[in-house]
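Asker: Below are the sequence and a predicted model for it; my questions follow.
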Amino acid sequence: MAPRNRGKGKKGGKQKKKKNVAENEVEEKYRKAALEVDILKEHLALRRDVARQAKDDSEGLKQRLLELEQELEMSRDDKKDIYEEMIRQYQELQRQTETRIQQLETETKQLQEQLATCREDIQQARAEREQVLGEKDQTIAELQGKINAMETEYEKILHGSLDRVLSKLAAAQGCWEKEATAMHMEHKERLREFGLNPLEI
C-alpha cells in the first residue's frame, strides 16, 4: 500500500489544534462574562436595597419632623432654639439623603449599562462559539472526505498492482511450462540415444 502524505497530515493537525485553541478562548470569555453578570446583579440588588432604605429613612425623618413641630407648637417660646436646630438637622439630613439617592441612582444606571454590555458580550461569545463549532465540524467533514477519497484511490492502486502482478505471473507460468516441456523432451531424446527407455527410469 502506498504511504500516506505526511505533509497533509501535519497541516490538518495544526488546523485542528488552532480550532481547539479558538474554542477554548471563546469558552473562557463566555465563563468570565457570565461571572461578571452575576456580580453585577448582586451589586444592583444591593444598591436598590440601600436606595430603598434611604427613602424609608427620609420618610421617617419627615414623620419625626411633624411630631417635633407639634411639640414645638405647644411650647414655641421655650423650644424655639430646639426647633430651629431640628429644622437645620432635618434640612442637612434631607440634603445628604437626596445626594446619596442621586449617587445610588447614578450607580444603578451604570450597573444596568454594564449588565446590558455583558449580555451583549455573552450573545457575541455564544455566536462565536457556534461559529467555531460549525467551522470545526466542517473541517472534520472535509478531512473525512479527503481520507475516504485517499482510501478509495489507494484501493484502486492496490487492486491495479495486484492485477498486473497476477498477469505477469500467469505469463511467466506459461513460459516456464513451455521451457519445462522442451527440457523434458530433450532429456528423453538423450536417454534414447544412450539406449535407455525413459519410462523405465
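Answerer: Structure's in. What do you need? Numbering: from 1, shown residues only.

Asker: Which residue is the nearest non-sequential neighbour of the residue nearest the centre of the chain?
Answerer: Computing the C-alpha centroid of the chain and ranking residues by Cα atoms, centre = their mean puts Glu23 first, at 3.4 Å. Once flanking residues are discounted, Glu23 sits nearest to Val132: 4.8 Å by Cβ to Cβ, 6 or more residues apart in numbering. All C-beta spots, glycine's among them, are computed from the backbone N, C-alpha and C.

Asker: related to what we said a few turns ago, who's in contact with the residue nearest to the centre of the chain?
Answerer: Counting by Cβ atoms under 8 Å, 6 or more residues apart in numbering, Glu23 touches Arg129, Val132, Leu133, Lys136.

Asker: secondary structure element for it?
Answerer: Per DSSP states H and E, Glu23 falls inside helix 6-74.

Asker: by contact count, what packs against the helix or strand that that helix is followed by?
Answerer: For helix 6-74, the following helix or strand on the C-terminal side (DSSP H and E) is helix 80-193. Judged by 3 or more Cβ pairs under 8 Å, 6 or more residues apart in numbering; DSSP states H and E, the packing partners of helix 80-193 are helix 6-74.

Asker: what's the angle between the helix it packs on and helix 80-193?
Answerer: Computed by axes from the mean of the first three to the mean of the last three Cα atoms, to 10 degrees, the angle separating helix 6-74 from helix 80-193 equals 170 degrees.

Asker: Contacts made by stretch 120-129 with the rest, please.
Answerer: In contact with stretch 120-129 (Cβ under 8 Å, 6+ apart) are residues Glu23, Val26, Glu27, Lys29, Tyr30, Ala33, Ala34, Val37.

Asker: Can you list the buried residues in that stretch?
Answerer: The neighbour-count check on stretch 120-129 (16 or more other Cβ atoms under 10 Å) flags Asp121, Ile122, Ala125, Glu128, Arg129 as buried.

Asker: separation between Tyr90 and Arg100?
Answerer: Distance, Tyr90 to Arg100, by Cβ to Cβ, to the nearest Å: 15 Å.

Asker: now do Glu113
Answerer: Here Glu113 is placed at a distance of 20 Å from Arg100 (Cβ to Cβ).

Asker: out of those two, which sits in the busier spot?
Answerer: When Glu113 and Arg100 are compared for neighbours, Arg100 comes out ahead with 15 against 11, by other Cβ atoms under 10 Å.

Asker: pretty sure that one is in contact with Lys55, am I right?
Answerer: No: the pair Arg100 / Lys55 is not scored as a contact, 10.1 Å apart, by Cβ atoms under 8 Å.

Asker: any common contacting residues for those two?
Answerer: Joint contacts of Arg100 and Lys55 (Cβ under 8 Å, 6+ apart) do not exist.

Asker: show me the contacts for Val50.
Answerer: Contacts of Val50 (Cβ under 8 Å, 6+ apart): Leu104.

Asker: again, 10 Å this time
Answerer: Arg100, Ile101, Gln103, Leu104, Glu107, Thr108 (Cβ atoms under 10 Å, 6 or more residues apart in numbering).
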